[in-house]
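*Asks:* Give me coordinates for this.
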Amino acid sequence: MISAIILAGSDNDGSLKECSDATSEALIKIGDKTMVEYVINALEEAKEIQKIVIVGPKEDLDKLYHDRPHIITVESGNSIINSLLQGINSLKEDFAKQVLVVTADIPLITGQIIDDFLGLCRNKKRDVIYPIVSKEQNEKKFPGVKRTYAKLKEGVFTGGNIFIVNPNIVAQCATFAEKIIALRKSPFKLVEFIGLSYVLKYIFGRLSITDAEKRVSELLGIQVEAVIVPYPEIGVDVDKPSDLDLATKILSI
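*Replies:* Numbering: from 1, shown residues only. Model (predicted):
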C-alpha cells in the first residue's frame with residue numbers, strides 16, 4: 001500500500017480564468033464535479049492507495065472533504081516543492097520509503113491507470129520514478145492536443161503529471177528540483193541546464209533515457225528512473241481552455 005499526495009495549490013489566474021470564476025484551478029467544475037474530484041475518485045478506485053493528502057486551499061477543500069477520514073487536507077506552500085514537503089509532513093509516520101504524487105489537473109486519470117503504473121514500479125528501488133509517454137500514443141489517443149515533447153534516442157516523449165518519490169530525499173533536493181520544474185516546459189533549456197555534452201547529444205538525437213536518468217541522478221545525488229507507460233491520460237493536464245473543452249467532452253460521455 002502507498003499513500004498519495006495531490007498537489008492542488010495552483011491559483012486560477014491564468015487562461016482558465018475566462019472559463020471559471022473558481023479561485024483555484026483544482027476547484028474548476030467539469031460537469032458536476034470539481035477537477036480535483038476526478039483525481040480523488042481515481043485514487044479511491046485504485047487498489048493500492050492507503051491515504052490521500054490534498055495540498056491546496058485548505059478552507060475550501062475542508063468544506064468538500066471533511067467527511068472522508070482517509071483524506072487529509074493541507075494548506076499549500078509558496079512553491080510546488082514546499083507544498084510537497086507540507087504534504088509529506090502531514091503523513092507523519094504513515095509513509096514508508098515511497099509516496100505517490102499526483103497533480104490535481106489530470107481529470108482523465110483512472111484507478112486502473114494508477115494501479116498499472118504502481119505495478120510497473122513495484123520492484124524498482126529508486127528515489128524518483130517518473131512516467132513518460134510516447135508522442136505516437138499521445139496523438140493516437142488525443143489527436144491535436146498540444147504537449148511539450150523531448151526527442152530522445154528511443155523516440156519522442158512527453159512527461160506525466162504523476163510520479164513516485166522517496167519522501168526522505170525531497171528536502172535535500174528542493175533547490176535543484178525547483179529549477180528543473182521551472183524548465184520542464186522547455187526541453188532544450190532543461191538539457192542545457194544539465195550540461196553542455198547533454199545539449200550536443202540532444203541536438204543530434206543521441207541523448208538516451210539512460211543518459212538523462214544518469215545525469216539527473218548525479219546532480220541530485222539520488223536514484224532516478226523514467227518508465228515508459230502507455231497512458232496519455234497522465235500527461236493531459238488541464239491548464240488552458242482547449243484542455244478544459246477536451247476533458248469536458250470526454251468526461252461527459
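*Asks:* Where does the closest residue to residue 167 other than its chain neighbours sit: helix, strand or coil?
*Replies:* In this structure, residue 167 finds its nearest non-sequential neighbour in residue 88, 4.4 Å apart by Cβ to Cβ, 6 or more residues apart in numbering. Every residue, glycine included, has its C-beta placed from N, CA and C. In three-state terms, and counting by DSSP: H, G, I helix; E, B strand; the rest coil, residue 88 is helix.
*Asks:* tell me the contacts of residue 88?
*Replies:* 5, 95, 99, 167, 170 (Cβ atoms under 8 Å, 6 or more residues apart in numbering).
*Asks:* ok, residue 41 - how many residues close by?
*Replies:* Burial of residue 41 is recorded as 15 neighbouring residues (other Cβ atoms under 10 Å).
*Asks:* which element is it on?
*Replies:* Element membership for residue 41 (DSSP states H and E) is helix 35-45.
*Asks:* Now the terminal residues of stretch 232-240, how far apart.
*Replies:* Terminal residues of stretch 232-240 are spaced 17 Å apart (Cα to Cα, to the nearest Å).
*Asks:* What residues of it count as buried?
*Replies:* Residues of stretch 232-240 classed as buried by neighbour count (16 or more other Cβ atoms under 10 Å): 232, 233, 234, 235, 236, 237, 238.
*Asks:* pretty sure residue 170 contacts residue 83?
*Replies:* No - using Cβ atoms under 8 Å, residue 170 is not in contact with residue 83, being 10.8 Å away.
*Asks:* Would you map the strands across the stretch 101-250 of the chain?
*Replies:* Counting by DSSP state E, counting those that start in this stretch, the segments of the stretch 101-250 of the chain that form strands are 128-134, 150-152, 155-159, 162-165, 224-228.
*Asks:* from the chain's centre, how far out does the second one sit?
*Replies:* When you say that, I think you mean strand 150-152. On the basis of Cα atoms, centre = their mean, to the nearest Å, strand 150-152 is displaced by 19 Å from the centre of the chain it belongs to.
*Asks:* Parallel or antiparallel, list what pairs with that strand.
*Replies:* Strands that pair with strand 150-152, judged by DSSP bridges, come out as strand 155-159 (antiparallel).
*Asks:* mean confidence for the partner strand?
*Replies:* Per-residue pLDDT values across strand 155-159 average out to 95.
*Asks:* buried stuff in that strand?
*Replies:* 157, 158, 159.
*Asks:* Next, name the residue at the spatial heart of the chain.
*Replies:* The chain has residue 161 as the residue nearest its centroid, 2.2 Å off, counting by Cα atoms, centre = their mean.
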